[in-house]
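[1] Next input, structure requested:
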Amino acid sequence: MSHGKQFTLYTHKGGPNGWKVAFVLAELGLTYESVYLDFNKNEQKAPEFTKYNPNGRIPALIDHKNKDFTVWESNAIIVYLVEKYDTAHRISAATPEDKILQLQWLFFQASGQGRACFSPYFGQAIWFKVYHAEKVPSAIERYQKETARVISVLDGVLSKQEWLVGGKYSVADISFVSWTNAALAAVLPDAQGVNVEKDYPAFWAWHQKLISQDAIKAVWAEKSAL
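    Numbering: from 1, shown residues only. Got it, this is the predicted structure:
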């Protein structure tokens with residue numbers, strides 16, 4: 001593989017976790033080549049990929065200008081990118097306290113919102129709603145409600161402040177975008193008694209601001225074109 005671009009991002013065309021890394025790369029103006037693994041062929045479990053990520057999940061990132069330093073787990077990748085390449089703290093926390101708050105939200109996003117292989121709530125909701133071989137209404141309802149609960153947590157915080165950390169747009173906010181898009185498209189449209197725009201107005205306004213950011217729009221257009 002030619003390394004004309006600084007990074008190689010191993011990802012998946014539909015996987016939300018890969019796209020949130022792409023958002024950060026684009027925001028920082030870093031050049032990257034995306035390698036889209038074919039899950040139908042189990043390429044994420046093949047030795048060619050597990051040599052980079054032994055867990056066999058996307059994404060994984062290789063930094064060719066840093067001795068091919070490799071990191072996996074999407075939010076660990078995001079922390080690496082801003083620690084090394086956002087020294088001006090344009091989209092990341094600057095103070096020790098804000099860095100902890102940034103980590104707090106990145107952990108919450110990973111554990112509460114979405115995760116590769118559909119572990120936390122948004123992921124489970126999508127699994128039972130879209131991919132599970134049989135319809136299990138009780139499971140769908142449970143995870144739709146948990147998805148709404150996570151949104152309600154964010155809405156409560158965002159009703160008091162514009163952004164999650166430091167009074168500015170940052171990776172803490174960016175990390176939520178792709179899973180929120182997935183939930184709004186696939187999970188919540190038919191959730192009984194849930195109207196995100198009406199019920200969670202602060203969350204809705206925040207998400208609209210996020211998807212209007214130039215870098216996020218550009219990357220999402222790239223996704224839509226695949």
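[2] Am I right that Asn181 is in contact with Lys20?
    No: between Asn181 and Lys20 there is no contact under Cβ atoms under 8 Å: 10.2 Å. Using the backbone N, CA and C atoms, a C-beta is placed for each residue, glycine as well.
[3] These two: who's more crowded?
    Comparing Asn181 with Lys20 by other Cβ atoms under 10 Å, the one with more neighbours is Lys20, at 25 against 18.
[4] who does the helix or strand harbouring Ile100 touch, helix- and strand-wise?
    Using DSSP states H and E, Ile100 sits within helix 96-108. The contact analysis (3 or more Cβ pairs under 8 Å, 6 or more residues apart in numbering; DSSP states H and E) places helix 96-108 against helix 74-85, helix 171-174.
[5] give me the number of residues near the spatially closest residue to Tyr85 that is not a sequence neighbour?
    The spatially closest residue to Tyr85, leaving aside those adjacent along the chain, is Leu28, at 5.2 Å (Cβ to Cβ, 6 or more residues apart in numbering). Using other Cβ under 10 Å, Leu28 is surrounded by 17 other residues.
[6] For Leu28, give me its contacts.
    Applying Cβ atoms under 8 Å, 6 or more residues apart in numbering, we find Leu28 in contact with Leu81, Val82, Tyr85, Asp86, Arg90, Ile91.
[7] What about it? Give its phi and psi, please.
    Phi and psi for Leu28, reported as degrees, to the nearest 10, are phi -90, psi 0.
[8] just to revisit the earlier point, now the angle between helix 74-85 and the helix holding Ile100, please.
    Counting by axes from the mean of the first three to the mean of the last three Cα atoms, to 10 degrees, helix 96-108 lies at 150 degrees to helix 74-85.
[9] what is the mean pLDDT for helix 96-108?
    The average pLDDT within helix 96-108 is 97.
[10] ditto for stretch 199-213
    Computed over stretch 199-213, the average pLDDT equals 97.
[11] part of a strand, is His3?
    No: per DSSP: H, G, I helix; E, B strand; the rest coil, His3 lies outside any strand segment and is coil.
[12] For it, which residues are in contact?
    His64.
[13] give me every residue that touches the nearest residue to Leu226 once chain neighbours are set aside.
    Excluding the flanking residues, the one nearest Leu226 by Cβ to Cβ, 6+ apart is Lys13, at 4.9 Å. By Cβ under 8 Å, 6+ apart, the contact set of Lys13 is Tyr36, Lys223, Leu226.
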